[in-house]
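Q: Please find the sequence and the predicted model below.
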Amino acid sequence: METFLASMVSVAFHGVALGMILYVISVGLSVTMGLMGFANLAHGVFALAGGYILTTSISRFGVPFPLALALAFILVAAGSVVLERLLYSRLYNASDLEQVLFTIGLIFIAVAVARFIYGTLQQPVYLPDYLKGQFPLLGRDFPTYRVFIIVFSAVTVGLLWFGVERTHWGAMVRAAVDNRAMAQSVGINTRRLFTLTFALGSGLAGLGGALGAEIIAIQPTYPFENLVYFLVVVAVGGLGSLRGPFVAALLIGIADTSCKYWLPQYGAFPIYVATIAILLWRPAGLFGRHA
Amino acid sequence: MNATLPVLETRRLCKSFGALTVADNINFRLESGARHALIGPNGAGKTTFVNMLTGVLPPSSGQIVLGGEDVTRVAQAARVKRGLGRTFQINALFRKLPVLDNVALAVAERRGVAHRMLRSANAHSEVRDESMELLATLGLAPEASQRILDLPYGKQRLVEIAIALGLRPKVLLLDEPAAGVPSLESGRILEVLDNLPKDIAILIIEHDMDLVFRFAQRITVLVQGEVLIEGGPEEIAKDRRVHQVYLGEQHHV
Amino acid sequence: MSAHAGGYSADPGVRRVEWLPWLVALAAFFLLPEYLSLGARILIYILYALSLDLIVGYAGIITLGHSAYFGLGAYVAGILAARVGITDPLVQLVAAGAAGALLGISTGAIILRTRALTLLMLTLAITSVLLEIANKATNLTGGADGLSGVVIAPVLGMFRFDIFGKTAYLYCLVVLLLGWWLVRKIIYSPFGTALTGLRENSLRMHAIGAPVYWRLVLVYTISATLAGVAGGLLTQTNQFVGLNVLSFESAGELLVMLILGGVGRLYGAFIGPLVYLIAQDLLAKQFPEYWYFGIGTMLVLVVMFARGGILGIVDGILGKLRTMR
């Protein structure tokens, strides 16, 4: 019983860490969907880019870990602005099919480029010494890095939520998600709002990818393999919502970790079944608005 | 004392979105063969009412009775099968399809052949012929093979009505049929409305008071989700409250 | 994005130009005997693309999970041949189609209650589930190594699958012909017109009393059946089935083929796979790293500049020629 309880705590802990990463990566996707109505299936590419930036700057350029994390955020955000201005913005009014095709095209390009530059193997992550090892918490030992992930993500999420609730930018985002036409007629410059929000969401994805490089392996097929997870988080959480995907991500993180630990022969099967069940019960997601 | 059953009726119909009440205790009757208009200022809840009648929006409470049967929980498509047709305030047409196909789709649904896969659509001459006849009565026969998006707006509005007629409804809800139509073309729409089959009960939502007073035998005035008054055209035209509600708007005296 | 055939004024008769693909296919059989295995592959993917076009181009259902039905059909045929010992190709094919139909109707009934992104995500989830199963159930599916030892008896007891691929090619051609005939019938039928209506204005379809949900489930099931049959054909011609039939890349490639030819066009599903697979055969072997880069770029360019695909470009050229006269 003692060991069972211990395993449960451990699984829950690792599940929360995974969930936090999933949220940090996916929140941008949710907001983009809700704000621009654009299904950016290539969102995983930003996370992947963040992961590569982290691993490359540490192993190739000896950049210290905190700076590498910051670079992941900044460079991906900057890159996404270019992409948004040049390509994405032309397709905001395109049909669903066109958006899907476009973003799949981007995935193919990104995967090919990643393979070309980095080869097909997983990128090794070199953590700084102070983040390695075990960290004592509430009388137990947990992997220090996972504790770091949880704390760092929580702070980031907190800042994000504060930003959306309290800042002018946040108010504009909330208004525009609620009613785009209305927001425009009130004088909100949607173009700049979109670009800024897109950059933030993509930057967060890059940050999440970098932060979670140990948990979700950085390899060229990343955008394919994890797309379902990001979409599940957003769909179950509710498009355009901020809190919903948080709950969804934690649920999925814990559920996935539990299944892989206790029912390894089933893989991710139970997650998908649960997702389908939840969406049948609440088609707009747990916290979504109109379907 | 009215001995005939109304073809469409609502009893204590209410709808609220949270704290906002958009329909409050609406009791409404539409008689057989009626020419009934629903008027009211913007935001009075007219389109919400129609959406509840057709089944697009579920009411918060109350009943909707179609042809004597309670249809409050019945789905949109099923209500259509029971004889309820509607047009939309903003055209809901199949824009890239030709006019004929727009109407034929409705006719085929009514005739129950729309699911057929083995015979070609073209071979279903009964559907085609009926659609062409319908278009002819509306003066749209020459445009049968043109795509909707190539037609002037007034003609598109007529197609909107044609589709609803293709369903051979017993009750027809027309949501601002003349809305957005330039005055040169609206005459045609008025003609069409005048010539609609006498056995169909028609409820028309309109802002154009000339049209309303020309067309309607009974008028219901809806203000902020509540029925203000219901009666014949002269009664409504003379009512002071109605004048107040429409203060500043053009009205027919 | 799509020009559609069918409708109540359209003449359903087969136009002379529609004989062209079949003549080309037969000519290839006689004139290009070294390329018959590539040819069979093209024919299979045309059938697969046709099935996808029914739901994407006609009914307007956007899915990334069509490979679930293709893959299931492929594995069912393979398992029957290699594990159960049923070697008659027609029985295998019927089983593959039936499996596609069963999975199609059960998943379709569920996912078609949702729309857009949720639906897309569910299609991905379903394929992922199948991929997991195929990966783990190694006794049945061969796991990551794939399923070999697929034995195919002669078709109708008479036509053996020869090493030159002649039988395979003609076999696929006949099955494709039947599939094409069925899809064409549907497109020109009242049901096909209703599908177009569904895609163009689903609000209106509800308002004319159409049972939208059931129509979508029906066309989805038919499409899944055809995809299953195509998958079965693939296993039969390769005498092997591997995990890649269920991969994301594969689903993406099929969409690319469809877009390349032109979505919502009956013959877009013919041209797309033809061009894609020939190009892949010529180029991908030389420059594998650049192939997916090229595909991705092409997708982006097509969406931005040439939305109607190859047939759209052809239409544009023909239109210009007509106005020049």
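A: Thanks, I have the structure now.
Q: Per-residue pLDDT of the closest residue to residue C:49 other than its chain neighbours, please?
A: Excluding the flanking residues, the one nearest residue C:49 by Cβ to Cβ, 6 or more residues apart in numbering or on different chains is residue C:269, at 3.9 Å. (C-beta placed from N, C-alpha, C; glycine too.) Residue C:269 carries a pLDDT value of 90.
Q: Contacts for whichever strand or helix holds residue C:269 next, please.
A: Element membership for residue C:269, per DSSP states H and E: helix C:268-279. Residues outside helix C:268-279 that contact it (Cβ atoms under 8 Å, 6 or more residues apart in numbering or on different chains): C:21, C:38, C:41-42, C:45-46, C:48-50, C:52-53, C:57, C:253, C:256-262, C:309-311.
Q: Could you do stretch A:137-154 as well?
A: Applying Cβ under 8 Å, 6+ apart, the contact partners of stretch A:137-154 are A:6, A:9-10, A:13-14, A:16-17, A:20-21, A:23-24, A:127, A:130-136, A:208, A:211-212, A:214-215.
Q: how about a cut-off of 10 Å?
A: A:6, A:9-10, A:13-14, A:16-24, A:65, A:69, A:125, A:127-136, A:207-208, A:211-212, A:214-215, A:249 (Cβ atoms under 10 Å, 6 or more residues apart in numbering or on different chains).
Q: The contacts of helix C:268-279 in strands, which ones?
A: Judged by DSSP state E, the contacts of helix C:268-279 include no members of strands.
Q: Checking residue C:307 next. Helix, strand or coil?
A: coil (DSSP: H, G, I helix; E, B strand; the rest coil).
Q: Tell me what angle the helix or strand of chain C with the lowest mean pLDDT forms with helix C:268-279.
A: In chain C, no helix or strand scores lower on mean pLDDT, DSSP states H and E than helix C:309-324, which sits at a mean of 79. On the basis of axes from the mean of the first three to the mean of the last three Cα atoms, to 10 degrees, helix C:309-324 is oriented at 110 degrees to helix C:268-279.
Q: What residues of helix C:309-324 count as buried?
A: C:309, C:310, C:311, C:312 (16 or more other Cβ atoms under 10 Å in any protein chain shown).
Q: So which of the residues you listed is the closest to chain B?
A: Lowest distance from chain B to those (Cβ to the nearest Cβ) belongs to residue C:312, with 14.2 Å.
Q: If you drop the residues flanking it in sequence, what lies closest to the closest one?
A: residue C:262 (5.3 Å).
Q: What is the burial count for the one you found?
A: 30 (other Cβ atoms under 10 Å in any protein chain shown).
Q: got it, and residue A:124?
A: For residue A:124, the neighbour count with other Cβ under 10 Å is 12.
Q: again, but for residue B:188
A: Residue B:188: 18 neighbours (other Cβ under 10 Å).
Q: And for the one 5 residues further on?
A: A total of 19 residues lie near residue B:193 under the criterion other Cβ under 10 Å.
Q: Report the secondary structure state of the closest residue to chain B within the stretch 151-300 of chain C.
A: Closest approach between the stretch 151-300 of chain C and chain B, counting by Cβ to the nearest Cβ: residue C:209, at 3.2 Å. The three-state label given to residue C:209 by three-state DSSP is coil.
Q: Test my guess that residue B:169 contacts residue B:83.
A: Yes: using Cβ atoms under 10 Å, residue B:169 makes contact with residue B:83 at a distance of 5.3 Å.
Q: and the closest residue to the residue of the stretch 151-300 of chain C closest to chain B other than its chain neighbours, what is it in contact with?
A: Leaving aside its chain neighbours, residue C:209 sits nearest to residue B:80 (3.2 Å; criterion: Cβ to Cβ, 6+ apart). Residue B:80 makes contacts with B:54-55, B:86, B:106, B:109-110, B:164, B:167, B:169, C:206-210, as judged by Cβ under 10 Å, 6+ apart.
Q: In helices only, show me those.
A: B:54, B:106, B:109, B:110, B:164, C:206, C:207 (DSSP state H).
Q: In terms of helices and strands, where is residue B:120?
A: Counting by DSSP H and E, no helix or strand carries residue B:120.
Q: nearest residue to it other than its sequence neighbours?
A: Per Cβ to Cβ, 6+ apart, closest to residue B:120 is residue C:12, 3.6 Å.
Q: next one: residue C:313
A: Using Cβ to Cβ, 6+ apart, the closest residue to residue C:313 is residue C:306 (5.9 Å).
Q: Test my guess that residue A:235 contacts residue A:287.
A: No: under the contact definition of Cβ under 10 Å, residue A:235 does not touch residue A:287, with a separation of 11.4 Å.
Q: Pick the one among the contacts of residue B:80 closest to residue B:18.
A: Here the nearest of the contacts of residue B:80 to residue B:18, counting by Cβ to Cβ, is residue B:55; it sits at 21.7 Å.
Q: and residue C:73, that's in a helix?
A: Yes: according to three-state DSSP, residue C:73 belongs to a helix.
Q: How about the contacts made by it?
A: Residues near residue C:73 by Cβ under 10 Å, 6+ apart: C:48, C:92-93, C:95-101, C:103, C:224-235, C:241, C:245.
Q: try it again with 6 Å
A: C:96, C:99, C:100, C:228, C:231, C:232 (Cβ atoms under 6 Å, 6 or more residues apart in numbering or on different chains).
Q: same deal with residue C:208?
A: B:106, B:109 are the contacts of residue C:208 under Cβ under 6 Å, 6+ apart.
Q: ok, now how distant is it from residue B:80?
A: Distance from residue C:208 to residue B:80, counting by Cβ to Cβ, to the nearest Å: 6 Å.
Q: Before I go, just wanted to say thanks for your time.
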